[in-house]
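Engineer: Quick one, structure for this:
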Amino acid sequence: MPIYHKLGQIPAKRHTVFRKPDGNLYAEELVSTEGFSSLYSLVYHCHPPTIVKHLGEPYSVEPKIAREKHLKHTSLIGFNIKPEDDFLKSRKAVLVNSDLHIVLAAPRKSMTDYFYKNSQADEMIFIHEGSGKLKTGFGEIKFAYGDYLIIPRGTIYQMEFDTEQNRLFIVESFSPLRPPKRYLNQFGQLMEHAPYCERDLRLPENLQTFDEYGDFKVLIKKQGLIYPYTYGTHPFDYVGWDGYHYPYAFSIHDFEPITGRLHQPPPVHQTFEGHNFVVCSFVPRKYDYHPDSIPAPYNHSNVDSDEVLYYVDGDFMSRKSVVKGQITLHPGGIPHGPHPGTVEKSIGKEKTDELAVMIDPFKPLMLTQDALDIEDENYHKSWQINVE
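Structural biologist: Coordinates of the predicted model:
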C-alpha cells in the first residue's frame, strides 16, 4: 500500500553508518519490488539476514488440477474443508490460474515452530472465522472477523490464533495486490470518491526486536515448492524500518458502499486489484431508490471473465439456499443471473444485509481435486423452472 510508514530506530540518511550500542553495525536490507522500480522498504537488522545454517529438500505444494477446462456453473461448500492443526497443511487451493490461486483454510493451531514466506505471491487472507495476531518483522497486526490481511510477497510471518475455530479465504496473487488505480490521485492518495480511505487501514505496530541466535525454520514458497530453510538468527530481528512495502489490514466492515437510484454494477464494490483480476466487497447497504427499480441483479453474460463469489454472511436476495463459506463460480461464456422468483421478491425491498467477497479473473479458472471434493454437483440446475 503506497503510504509511507516507519517503526523503530532508523538512521537519518539511508545507506549510512548505523551502529549498535556495542559499536557494531546494524545490517541494512532493501526489500524492493519490480526490481528497483516500485514500492520498497529499508529494514535494519541486528544481524545479516543471510546466515543460512541448513537447507532441506524442497517438496511440492502444487495444486492438483482435476478439471482444467469446463463450462459449468459450479458451487463449492467451503466449510466442508476439514480443519487441520498446521497452518500450511490446512491451506487447500480450490480455483487456480496463472494469475492467482484461491485457497480455503481451517487451521486450528498457531504457527509456533516455523515461519513462512511466500516469495512469489502477495497474499490476501480474509478472516471469515477467528481472531488473533499477524506477526512479522515489521510489527504486529491484530485481526478479527471480516478483516483482509494484505501480506506483500517476501514477507516472513507467523499467524497466531486466539482459538481453534478459524476459517480463512485466501488469494495468492502473482502480481502486486493494490487499491484500484481509479481510487488514487497522481500522488498515490486515496481520493474522495473511493469507498475507503487511509484512516481505515491498520498498519503494523508494536515492533519487537528479537536479537537471538539459534535454529530458526523458515518455510519459503516459490514456484509451487516449499523450501525448508534454517537460519542462524531470528527472522524478526528488525530494530527499525521505513518505506512503503509492508503488511496491513482492512476490515470489510469499513467498506462504504456506493449506491444509486438504479442497480449499480459490480465495479462500485471493487476493493483491490491485481494483474488480470479484481477483488470486490459486497456489504450491507440500502437498495436502489428509483420508484420502479429492481434491486436484484439482472442476468449477465460473462464474456471476458469468470466470476467467483464467496458468501460470508447475511441474506442474498438473488440466490436460494446460500450457506456461509459457499463459493459460486460462474465461468465466462454462459450467462448467469438471479434464481427463479428472486427478482419479483426483491421489488420494494429497501436494504440488504449481505456480506460477500467477489473475485473476477480475466483468465479461466481451473478446479483442483480439493474443489471437486466439496462440489455441489447439482448447482448448475438451480435455475430450472417448470416449463409446459
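
Engineer: quick one, what contacts the residue most central in space within the chain?
Structural biologist: Nearest to the geometric centre of the chain sits M124, at 1.5 Å (CA atoms, centre = their mean). Going by CB atoms under 8 Å, 6 or more residues apart in numbering, M124 touches 148-151, 170-171, 173, 177, 272, 279. Every C-beta, even on glycine, is put in place using the N, C-alpha and C of the backbone.

Engineer: and if we set it to 6 Å?
Structural biologist: Residues near M124 by CB atoms under 6 Å, 6 or more residues apart in numbering: 148, 150, 171, 177.

Engineer: what's the burial count for the residue nearest to it when sequence neighbours are not counted?
Structural biologist: Residue nearest to M124 in three dimensions, not counting chain neighbours: V171, with 4.3 Å by CB to CB, 6 or more residues apart in numbering. V171 has 27 neighbours, counted by other CB atoms under 10 Å.

Engineer: and what of R14?
Structural biologist: Neighbour count of R14, defined by other CB under 10 Å: 12.

Engineer: ditto for the one 5 residues further on
Structural biologist: Residue neighbour count, defined by other CB under 10 Å, stands at 10 for R19.

Engineer: Specify the beta-bridge partners of it.
Structural biologist: Here R19 sits in beta bridges with L25, going by DSSP bridges.

Engineer: for G139, same thing?
Structural biologist: T136.

Engineer: could you measure it against L207, distance?
Structural biologist: 4 Å (CB to CB, to the nearest Å).

Engineer: Report the set of residues contacting both of these two.
Structural biologist: L7.

Engineer: element containing H54?
Structural biologist: Under the criterion of DSSP states H and E, H54 resides in strand 52-55.

Engineer: Against which helices or strands is that strand packed?
Structural biologist: When contacts are defined as 3 or more CB pairs under 6 Å, 6 or more residues apart in numbering; DSSP states H and E, strand 52-55 packs onto strand 225-233.

Engineer: can you do 10 Å?
Structural biologist: Strand 52-55 is packed against strand 213-222, strand 225-233, with contacts defined by 3 or more CB pairs under 10 Å, 6 or more residues apart in numbering; DSSP states H and E.

Engineer: follow-up on the earlier one: can I get the host helix or strand of the residue nearest to the centre of the chain as CSV, trimmed to CA atoms?
Structural biologist: M124 belongs to strand 122-129 when assigned by DSSP H and E. Extracted C-alpha coordinates of strand 122-129, given in CSV (Å, rounded to 0.1, in the frame of the first residue of the first chain):
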residue,chain,number,x,y,z
ASP,A,122,1.2,-11.3,-2.4
GLU,A,123,-1.4,-12.9,-0.1
MET,A,124,-4.8,-11.6,0.8
ILE,A,125,-6.1,-13.5,3.9
PHE,A,126,-9.8,-12.8,4.6
ILE,A,127,-10.8,-13.8,8.1
HIS,A,128,-14.2,-15.4,8.0
GLU,A,129,-14.0,-17.0,11.4
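
Engineer: Run through the protein and note the low-pLDDT ranges.
Structural biologist: For the chain, applying pLDDT under 70 flags the ranges 1-2, 316-320, 386-388.

Engineer: Quick check: I374 vs L365, distance?
Structural biologist: To L365, I374 is 15 Å away according to CB to CB.

Engineer: Go ahead and confirm the residue nearest to M124 touches G274.
Structural biologist: Yes - between V171 and G274 there is a contact under CB atoms under 10 Å: 8.1 Å.

Engineer: overlap in contacts of those two?
Structural biologist: Jointly contacting V171 and G274 under the rule CB atoms under 10 Å, 6 or more residues apart in numbering are 100, 121-122, 124, 177, 359, 361.
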